[in-house]
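> Let me see the structure of the following:
(2 chains)
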Amino acid sequence: MAILNSIISVCYYLISAFVVFVLVKSIIKTKNVQDAILYSVMLMPFILRILRIK
Amino acid sequence: MTDRNLLIVKLVSLALVAVALVIAGIQFYDHRNFQEEVVKGPGVTQVRKLSDYFEPLKGTINDCNIYIFDSGVPGGTAFLIGSSHPEEPAGNLTAQLFVENAKLTKGRLIVAIRANQSASRVTRPGDAYPLYFTIETPWGEKKFRMGDRWSSPLDSWPDPEVYVNYPSGQLLAYMDVRNFNRTWPGRANGMITEQTNYAFMNLIKEEGVDIFIDLHEAELEYPVISTIVAHQKGADIAGMASMLLTSTEFKIGMEYSPKTLHGLSHREVGDHSDAVSILLEAPEPFLDRVRGITDEKLLLTGQDEFIVTAGKFGLLYEKIDEKGWPIDVRVGRHCSTVLMIFELWGDFNPGKEVVIQEVPRYDEVVKNGTGYYFRDPSKAKPEDIYYE
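Have a look, this model is predicted:
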């Protein structure tokens, strides 16, 4: 079970990194100011998780 | 908006987010890595690591210190743990008070101050929990981490859909796979919290622990409060302790550990070892859902007008007034209750006594304050300082 959890955990970090990539791409592409700010704020928990801080 | 202005807004918002990220990240990092100083008291004869009893825990966040007091005189072996739930600070404060003050004249005492280190290194910003709290001492302020009920997801992830306690098979809430007091007796190949319980069970068996006490606090809205919860093996001692304390020091109840409620220390330690298992609950208004401002003041004074109002409507299981439930009262209750239980253990089991001196009782802790009993690390020998 511990190995399975480790695999899932690694996948989770990969998914988090992918979400960060998508958000950054969305910030670059969007023409809407509110969306740009919203995507920026959304980055925070994903980055903190990838860095294993929170 | 022009492309240029849009770009400026994007860059500014990203810069602001980066600043917030750095500030929050430093706070979270510092809290997770903050080390509490413990000055080894004169009674401590050995300090081991939990991993001495279960090798896989070595180097993990939950490899806590195990303080051993050996009087050298044959008797019983008692074991006291704090911080099963690190959001209940009277537990670790009481355990540390024992480590820094207790002297034994008979038997052995084992103490773990921070039983679940992982849970003590995460807190609940969403519930406005403070990251730290400080206790006044004669030599200045002593800082402690405020923790959570559950181990950090950084150390134990993912949670299952439903947590199945081993070996009972009882179904519990998913997050309780990270709840140190739902994962007893633990599992060697389980998640880190289960492994920690497994290590503690090994310790209890290898050290021949006769009596085990787990220190907790509870919200006033919860019926199991101001009480001693005892495995049936310790019901006589707990009942007698409840009567004696209520008649001499403060009101405290006694309850049987339910035989079919699994995962809790008062049930599983007694079922899976020779030790008598007992759990203590002191009142902690900070944990009540109807509380007002959630800050360090509420944590340490236990004063809250909303909880007082709830009490007036009969919604609580413990009394509360404007004086609240200060931390010194809660630590004092734990000190007296532990000492009373150990005294009674000796009375009920001649030849297996654990005789402890130099630990203050309720009246003394309330009068002098908890901090009065903590030693100044700056005046201690470096080899006597340990970190939690």
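
> which stretches of chain A have low pLDDT?
A:1 (pLDDT under 70).

> the helices in it, which residues?
A:2-29, A:33-50 (DSSP state H).

> For stretch B:318-327, which outside residues touch it?
B:89-90, B:93, B:135, B:220, B:225-226, B:282-285, B:299-305, B:307-308, B:311, B:370 (C-beta atoms under 8 Å, 6 or more residues apart in numbering or on different chains). C-betas here are computed from N, CA, C, even on glycine.

> Please apply the same query to stretch B:159-173.
Contacts for stretch B:159-173 (C-beta under 8 Å, 6+ apart): B:153, B:174-179, B:182-183, B:185-187, B:190, B:194, B:261-263.

> Check the separation of the first and last residues in stretch B:162-179.
Distance across stretch B:162-179, first residue to last, is 13 Å (C-alpha to C-alpha, to the nearest Å).

> Kindly report the residues of the stretch 151-300 of chain B close to chain A.
Applying C-beta under 8 Å from any C-beta of the partner chain, we find that the stretch 151-300 of chain B lies next to chain A at B:154, B:157-158, B:189-191.

> ok, and the closest non-adjacent residue to whatever residue of the stretch 251-388 of chain B ends up closest to chain A?
Among the residues of the stretch 251-388 of chain B, B:Gly263 lies closest to chain A, at 17.1 Å counting by C-beta to the nearest C-beta. In space, B:Gly263 comes closest to B:Arg182 once its chain neighbours are excluded; the distance is 3.9 Å by C-beta to C-beta, 6 or more residues apart in numbering or on different chains.

> Just give me the neighbour total for that neighbour.
Using other C-beta atoms under 10 Å in any protein chain shown, B:Arg182 has 25 other residues around it.

> Is it correct that it is in contact with B:Ser265?
No - under the criterion of C-beta atoms under 8 Å, B:Arg182 is not in contact with B:Ser265, lying 9.7 Å apart.

> Buried residues, stretch B:15-31. List them.
For stretch B:15-31, a neighbour-count test (16 or more other C-beta atoms under 10 Å in any protein chain shown) marks B:17, B:21, B:24-25, B:28, B:31 as buried.

> Now it: average pLDDT?
Mean pLDDT, stretch B:15-31: 96.

> Is any residue of it near chain A?
Yes - on the criterion C-beta under 8 Å from any C-beta, stretch B:15-31 is in touch with chain A at B:16-17, B:20-21, B:24-25, B:28-29.

> and those residues as JSON lines, adding secondary structure?
Shown next, in JSON lines, are the residues of stretch B:15-31 next to chain A (DSSP: H, G, I helix; E, B strand; the rest coil):
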{"residue": "B:Leu16", "secondary structure": "helix"}
{"residue": "B:Val17", "secondary structure": "helix"}
{"residue": "B:Ala20", "secondary structure": "helix"}
{"residue": "B:Leu21", "secondary structure": "helix"}
{"residue": "B:Ala24", "secondary structure": "helix"}
{"residue": "B:Gly25", "secondary structure": "helix"}
{"residue": "B:Phe28", "secondary structure": "helix"}
{"residue": "B:Tyr29", "secondary structure": "helix"}
